[in-house]
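Student: Dropping the sequence and predicted coords here.
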Amino acid sequence: MSTPAGPPDQRSAGPLAPSAWNLPNYLTVFRFVLVPVFGWLLLAEGGHVWGYRLAALAVFGVAMVTDSIDGDLARRRKQVTDFGKVADPIADKAMLGMALIGLSIIGIVPWWVTVIILVREVGVTVMRFVVIRHGVMPAGRGGKLKTALQTVAVGILIFPLEALPGSAVWLTAAYIVLAAALVVTVVTGVDYLIKARRLRATSARTAARKAARRVAREQ
């Protein structure tokens, strides 16, 4: 006597996709919430009060720590989602963008540096959404290096360096790291553009569209 088969949907369904409502994504959303808090602390009293600057640095540090935690959690728990792939780098860009804008308002980072970095970040974000119909573009190694360099430079510059002995040395070191971050930012931006064009050209959606046009011409 054979064992009764389960419901048709259970027999035919493949592995369920992880839900977007999970801890890694909660941490990503938490980073979005921290952005305005961080901005207020950084710019309070003109950005020249040590206490506020240190508090801003603490919030910035929490945001960057959760950035590394949520990705590890998602991979370890097999909870990688399309939402996380898209929202995680946007949360990073929002925090770092707020930091650069704030530091430029205070007069620590030149505006032209902030503009170049923000144009690249916004451009890549828009590009992700433009090609999302063809597939999700996760952050690459170059993007992670760029984020790491930006984080180190911004973290040093948020700290009230004037309170440290040898502050000029720290400031010079921060600007060197920021310059390296600027170069990597531009290079990875060009790389993302190339990858986006390749993804759009080779996706299943594009292949189906080309096949449909080919069939239409043959009819």
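Tutor: Done, it's in.

Student: what residues does stretch 61-68 touch?
Tutor: With contacts defined as Cβ atoms under 8 Å, 6 or more residues apart in numbering, stretch 61-68 is touched by 27-28, 30-31, 34-35, 38, 88, 91-92, 95, 147, 151, 155. C-betas here are computed from N, CA, C, even on glycine.

Student: The helix with the most length in the chain packs against which elements?
Tutor: The longest helix of the chain (DSSP state H) is helix 167-202. Helix 167-202 sits against helix 111-130, helix 141-158, with contacts defined as 3 or more Cβ pairs under 8 Å, 6 or more residues apart in numbering; DSSP states H and E.

Student: out of the ones you listed, deepest packed?
Tutor: Of all the helices and strands packed on helix 167-202, helix 141-158 carries the top mean neighbour count, a mean of 20, counting by mean count of other Cβ atoms under 10 Å.

Student: Can you tell me what sits against it?
Tutor: Helix 141-158 is contacted from outside by 42, 53, 56-57, 60-61, 64, 67, 89, 92, 96, 99-100, 103, 108-109, 117, 139, 170-171, 173-175, 177-178, 180-181, 184-185, 187-188, 191-192, using Cβ under 8 Å, 6+ apart.

Student: Weed out the non-buried ones from the contacts of stretch 61-68.
Tutor: The neighbour count (16 or more other Cβ atoms under 10 Å) marks 27-28, 31, 34-35, 38, 88, 91-92, 95, 147, 151, 155 as buried among the contacts of stretch 61-68.

Student: spatially speaking, which residue is in the middle of the chain?
Tutor: Centroid-nearest residue in the chain, with Cα atoms, centre = their mean: residue 89, separated by 1.7 Å.

Student: now it, what's its secondary structure?
Tutor: helix (DSSP: H, G, I helix; E, B strand; the rest coil).

Student: now it: how far from residue 129?
Tutor: 12 Å (Cβ to Cβ, to the nearest Å).

Student: Over to residue 175?
Tutor: 33 Å.

Student: and if you look at residue 58?
Tutor: From residue 58 to residue 129 the distance is 32 Å (Cβ to Cβ).

Student: got it, and residue 143?
Tutor: Distance, residue 143 to residue 129, by Cβ to Cβ: 16 Å.

Student: just residue 61 next, same as before
Tutor: 29 Å.
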